[in-house]
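how does the following fold in three dimensions:
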Amino acid sequence: MEYEPVIGLEVHAQLLTKTKIFCGCSTRFGEAPNSNTCPVCLGMPGVLPVLNKKVVEYAMKMAIATHCRVNGTSTWARKNYFYPDLPKGYQITQFAHPIAEAGYVDVEIDGAKKRIGITRIHMEEDAGKSIHDESSPSSYVDLNRAGVPLIEIVSEPDMRNTDEAVHYLRRLHEILVYLEICDGNMEEGSFRCDANVSLRPKGQLKLGTRSELKNMNSFRNVQHALEYEIQRQRAILEKGGRVVQETRLWDVPQGVTHSMRGKEEAHDYRYFPEPDLVPVVISDTWKEEIENTLPELPMEKRERFVEQYGIPSYDAGVLTASRDLADYYEETARLCGKPKTASNWVMGDFLAYLNEEKLEITESPVTPQRLVDLIDMIEDGTISGKIAKEVFEDMWESGKNPREIVEKRGLVQITDTAELEKIVEEVLEANQKQLEQYRSGKNQLFGFFVGQTMKATRGKANPKIVNELLEKKLSIL
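Numbers count the residues shown, from 1 in each chain. Model prediction:
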């Protein structure tokens, strides 16, 4: 029997507010354990939560960007469970009436678009963190993260393979980062994903028994965990067995999932209305104000780049990976008027140096104007493309203007035909063996002579003139 995977994702995104969701404690990552805490986030008796307005605005931004219906009224609930890192013994979240519902995102895979539904987006507080000492039978609790604001984005079970799941996850990630409401750092836990996966006979509408997968802190781990779990469930079903509903942990070193606990249902958490918080009421005016602050989103920007600048879809995909990179490219293309040339330089040398030194776009020592100055020098024949790469390296290290570097280092391109003709003759004279082979029909040696000429001029010769001179000389020999 052929089985079909059914995948749904639950994504938790930590919001980039300066303070926590219900108190004024800092949300800074990496502080000393339990230093960013107060009686409210520690769950002390008699304290009351006060909602951070910015959390609601950020949640609305994501809801609007993903085509969700923003509910005029949403309410809070207590989700009860008992972990050492949950100081109150319950988590304040949204349950029956979330802030947003019924949205979608479109993903593109191999040129084909697919729409994946979003069931709901709700706001909630994060729990603390348990730290286990491997050298002794001890565990510690750090409550700095307790009360940090999250939104949970719950998808419909619309994904049918791991590629769709990872594309959807990447799409959510880039939207959150473009909106500047989440830094998207998976290693630090500010973008986390749980996956629900089940199998059913192909063509059957009824869903199979699902497993929930946890502990996946990278896109690659999500894909590998889903692939393993699909294979595990398929093997059970093909042997006539029954899949058990449970939560499973992804073991990164072993590349397998392990049973963690039986899968909880909503009634296991004993949800009930949060008595200390009033409902969140969102007016049409407030929603419209938030909608007007949204930037152009990545997929729309990608499509515009292809149409406006005439660059390939691949280029547009790379260049819109972040808002800062897209802005850098657009400024470069605008200043030089050569979108494809600008794309080649930004995607090539610029990104290579940036990644090598692990710098942000805003930290680049080469501004769009300086890059355009370099491109202009290639276009007007002042320097060759090869020399330009040397100049770019110098620009990156020194931050100087390319014209200043070229003049100081004497890198101006040789365009004097008589001078280059003399060098070409010297190259041919010095390579008699290769010249004889060329005469006997080995035409591929033409590139060898070009290379030797460029080497003799330390890359400063105009390649077009060199090619023309060699063609002329070799045709009469």
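
who are the packing partners of the longest helix seen in the chain?
Using DSSP state H to define each element, the chain has its longest helix at helix 219-238. Applying 3 or more CB pairs under 8 Å, 6 or more residues apart in numbering; DSSP states H and E, we find helix 219-238 packed against strand 3-14, helix 162-178, strand 191-201, strand 211-216, strand 246-251, strand 256-262. For the C-beta atoms, the positions are set from N, CA and C on the backbone; glycine is no exception.

ok now it, how far from the chain's centre?
Its chain's C-alpha centre and that of helix 219-238 lie 24 Å apart, by CA atoms, centre = their mean, to the nearest Å.

ok, and for that helix, which residues are buried?
Within helix 219-238, the residues that count as buried by 16 or more other CB atoms under 10 Å are 219, 221-226, 228-230, 232-234, 237.

returning to that earlier point: could you dump the helices and strands packed on helix 219-238 into TSV and include mean pLDDT, mean neighbour count and distance to Ile383?
Compiled in TSV, those are given as follows (pLDDT from 0 to 100; neighbours: other CB atoms under 10 Å; distance: least, CB to CB, whole Å):
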stretch	mean pLDDT	mean neighbour count	distance to Ile383
strand 3-14	92	21	46
helix 162-178	92	21	36
strand 191-201	90	21	43
strand 211-216	84	21	48
strand 246-251	86	18	52
strand 256-262	79	14	55
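
okay, the longest helix of the chain in PDB with CA atoms only?
What follows is helix 219-238, C-alpha atoms only, in PDB (Å, rounded to 0.1, in the frame of the first residue of the first chain):
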ATOM      1  CA  PHE A 219      16.000  23.800   9.000                       C
ATOM      2  CA  ARG A 220      18.200  20.700   8.300                       C
ATOM      3  CA  ASN A 221      17.200  19.000  11.500                       C
ATOM      4  CA  VAL A 222      13.600  19.600  10.800                       C
ATOM      5  CA  GLN A 223      13.900  17.900   7.400                       C
ATOM      6  CA  HIS A 224      16.000  15.000   8.700                       C
ATOM      7  CA  ALA A 225      13.700  14.400  11.700                       C
ATOM      8  CA  LEU A 226      10.600  14.400   9.400                       C
ATOM      9  CA  GLU A 227      12.300  12.100   7.000                       C
ATOM     10  CA  TYR A 228      13.200   9.700   9.800                       C
ATOM     11  CA  GLU A 229       9.800   9.800  11.400                       C
ATOM     12  CA  ILE A 230       8.000   9.100   8.000                       C
ATOM     13  CA  GLN A 231      10.300   6.100   7.400                       C
ATOM     14  CA  ARG A 232       9.700   4.900  11.000                       C
ATOM     15  CA  GLN A 233       5.900   5.100  10.700                       C
ATOM     16  CA  ARG A 234       5.900   3.600   7.200                       C
ATOM     17  CA  ALA A 235       7.900   0.600   8.500                       C
ATOM     18  CA  ILE A 236       5.400   0.000  11.300                       C
ATOM     19  CA  LEU A 237       2.300   0.300   9.000                       C
ATOM     20  CA  GLU A 238       3.800  -2.000   6.400                       C
END
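
run through who's touching that helix.
Residues outside helix 219-238 that contact it (CB atoms under 8 Å, 6 or more residues apart in numbering) are 1, 3, 5, 7, 162-163, 165-166, 169-170, 186, 193, 195, 197-199, 208, 211, 213, 216, 242-243, 248, 250, 252, 255-257.
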